[in-house]
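> turn this into a model:
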Amino acid sequence: MANTRFWQGLTSFGAAVALAVGALLAPAVAHADDLDTLENAFDRALGSEERGPKVYNSPFETQIAALANASQGRIGVAAMDLATGHTIDVLGAQRFPMASTSKIAIAATFLEGVERRRWSLTSEFPLMIPIRSQANSTAVAPVKPGQTMQAIDLIELMLTRSSNPATDALLAAVGGPRAVNDWARRAGISEFRIDRDIATLVRDDGGVDPAAVIDYRDSATPLAMVQLLSGLYQGRWLQRQHRDVILGAMERCRTGKRRIPALLPEDATVAHKTGSLYNTSSDVGIVRTPDGRAFALAIYVTGQGSRLNREARIAQLARAIYDGYSSGTALQRRTARR
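So this is what the prediction gives:
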C-alpha cells in the first residue's frame with residue numbers, strides 16, 4: 001500500500017514516466033545448474049513485468065518489501081543467490097541513478113581492452129581533474145590532465161575510494177560512455193546506460209529529484225546491476241585474473257561503511273561499490289557467507305529525508321537479504337498464488 005500511496009503522490013509528469021518504465025516485477029525463482037540457466041532467471045524476472053503488480057507470498061519477500069517501503073522516496077532492490085539463481089526484487093525493473101556504481105562497468109570495459117591487448121594494467125593515463133564551471137553551462141564539463149598513473153592504480157582508486165578523476169581517466173581511455181554502453185550491450189545487459197563522464201554528472205547534479213522523477217540518463221535497474229555483478233562473479237565476461245582485479249578492489253572498498261557492510265556479521269566477505277548523488281544513495285556488490293554461499297545484491301534508495309536515513313535503509317535491507325539467503329528461508333514455499 002505504501003508503494004501505491006507514493007505513486008499517487010507523484011506529479012503528473014513523474015507519474016507518466018513511472019508508468020512507462022516502472023511496472024513492478026513478479027518474484028523470480030530459478031534453480032540453476034549452469035550459467036545459461038542462471039541467466040534465464042533474469043529473463044523470467046523481466047518477462048513477468050507485464051503480469052501486473054507484484055504479490056509477495058513468502059515471509060522473506062514480505063520482509064524485503066516492507067523494508068523497501070517507498071512512502072518517502074523510491075527504493076529499488078534486487079538480489080540473487082549465485083548458487084541457486086533464486087532472485088528477489090522490489091522495483092527491480094525500474095530505473096535508478098547509478099551514480100558511482102557505474103564504475104564497475106567502466107572497469108570491466110577497460111579490462112576487456114586489456115584482454116584484447118589494446119593496453120595493459122601498466123599502461124599510464126592522466127587523472128582528469130575538473131575545472132570549475134557553471135552547472136549545465138556546457139554539454140561536457142571541462143577537465144584538465146593531472147598526474148599520470150598506471151591503470152591498475154587508477155582502478156584501485158576508482159573502486160576503493162570512488163575517485164572521480166581516476167574514473168574519468170579510464171573512461172576517456174576506453175572511448176567514453178558509448179564504449180561502456182557497447183560493452184553492456186555485448187554482455188546482454190539492456191537496462192543500463194551511461195550518458196556523461198563523472199565530472200559532468202557531478203557538476204550538473206541536482207537538476208532532477210530522483211525520489212519523484214525517473215531520469216533515464218546514467219541509470220540502471222537493480223536487476224540489471226545484479227545481472228552485471230553475477231556475470232562478473234561467474235566469469236562470463238572476463239578472465240579470472242581480471243575479474244579478480246575488480247572484485248579484489250571492491251573487497252577493499254573504503255566508502256559506504258554504513259551501507260551494505262554495516263549490519264553484516266564480521267566474518268562475511270563483502271565486495272561492494274557505493275554511489276551517491278542528490279537525494280540518492282546506493283550500494284551494490286557480492287556478499288559471501290562463511291560457509292561459502294554467495295549472493296549479489298543491488299540497493300538504490302532515494303528520498304528518506306537524509307543521507308543517514310538512506311544508508312540505514314541500505315544496511316537493513318542488506319542484513320535481511322543476508323539472513324534470508326544464508327538461512328535458506330528465501331527458498332520457503334510460497335503460501336499463495338497469483
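> tell me the secondary structure of Arg185, please.
Secondary structure, DSSP: H, G, I helix; E, B strand; the rest coil: Arg185 is helix.
> and it, how far is that from Gly256?
Remark: distance between Arg185 and Gly256 (C-beta to C-beta, to the nearest Å) = 28 Å. Heads up, the C-betas are built off the backbone N, CA and C, glycines and all.
> and those two? Which one has more around it.
Gly256 (24 against 11; other C-beta atoms under 10 Å).
> Three-state assignment for the nearest residue to that one once chain neighbours are set aside, please.
Among residues not flanking Gly256 along the chain, Thr274 sits closest, at 3.6 Å (C-beta to C-beta, 6 or more residues apart in numbering). With three-state DSSP as the basis, Thr274 sits in strand.
> in the protein, which spans are strands?
Ranges of strands in the chain, per DSSP state E, are 75-81, 87-90, 96-97, 124-130, 143-150, 192-193, 219-220, 269-277, 280-288, 294-302.
> partners of the last one, with directions?
Yep, that's strand 294-302 we're talking about. strand 75-81 (antiparallel), strand 280-288 (antiparallel) (DSSP bridges).
> what sits against Ile246?
Taking C-beta atoms under 8 Å, 6 or more residues apart in numbering, we find Ile246 in contact with 104, 107-108, 111, 155, 159, 232, 238.
> okay, and which of the residues you listed map to helices?
By the criterion of DSSP state H, membership of the contacts of Ile246 in helices covers 104, 107-108, 111, 155, 159, 232.
> from what I can see Asp283 touches Ser276, true?
No - using C-beta atoms under 8 Å, Asp283 is not in contact with Ser276, being 9.6 Å away.
> which of these two has more neighbours?
Taking neighbours as other C-beta under 10 Å, Asp283 and Ser276 compare with Asp283 leading, 30 against 21.
> quick one: neighbours of the nearest residue to the more buried one once chain neighbours are set aside, just the number.
Nearest non-adjacent residue to Asp283, counting by C-beta to C-beta, 6+ apart: Arg259, 3.9 Å away. Around Arg259 there are 29 other residues, counting by other C-beta under 10 Å.
> Glu115 now?
Neighbour count for Glu115, taken as other C-beta under 10 Å: 12.
> start to end distance for stretch 69-87?
Terminal residues of stretch 69-87 lie 19 Å apart, using C-alpha to C-alpha, to the nearest Å.
> which ChimeraX command selects the buried ones in the contacts of Ile246?
The buried residues among those can be selected in ChimeraX (16 or more other C-beta atoms under 10 Å) with this line:
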select :104,107,108,111,155,159,232,238
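> show the model's pLDDT score for the nearest residue to Ser190 once chain neighbours are set aside.
Excluding the flanking residues, the one nearest Ser190 by C-beta to C-beta, 6+ apart is Ala224, at 7.2 Å. Looking at Ala224, its pLDDT is 98.
> pretty sure Ala224 contacts Arg193?
No - contact criterion C-beta under 8 Å: Ala224 and Arg193 do not qualify, at 9.4 Å.
> so which of the two has more stuff around it?
Neighbours per residue (other C-beta under 10 Å) separate Ala224 from Arg193, with Ala224 holding more: 27 against 19.
> residues touching that one, list them.
With C-beta under 8 Å, 6+ apart, Ala224 has these contacts: 189-192.
> which of these are buried?
Here, 16+ other C-beta under 10 Å leaves 189, 191-192 buried among the contacts of Ala224.
> just send these back as JSON lines, with distance to Ala312 and pLDDT too.
Shown next, in JSON lines, are those (distance: C-beta to C-beta, whole Å; pLDDT from 0 to 100):
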{"residue": "Ile189", "distance to Ala312": "29", "pLDDT": "96"}
{"residue": "Glu191", "distance to Ala312": "27", "pLDDT": "96"}
{"residue": "Phe192", "distance to Ala312": "27", "pLDDT": "97"}
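> could you export those residues as CSV, including distance to Ser71?
Rendered in CSV, the data for those read as follows (distance: C-beta to C-beta, whole Å):
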residue, distance to Ser71
Ile189, 30
Glu191, 25
Phe192, 28
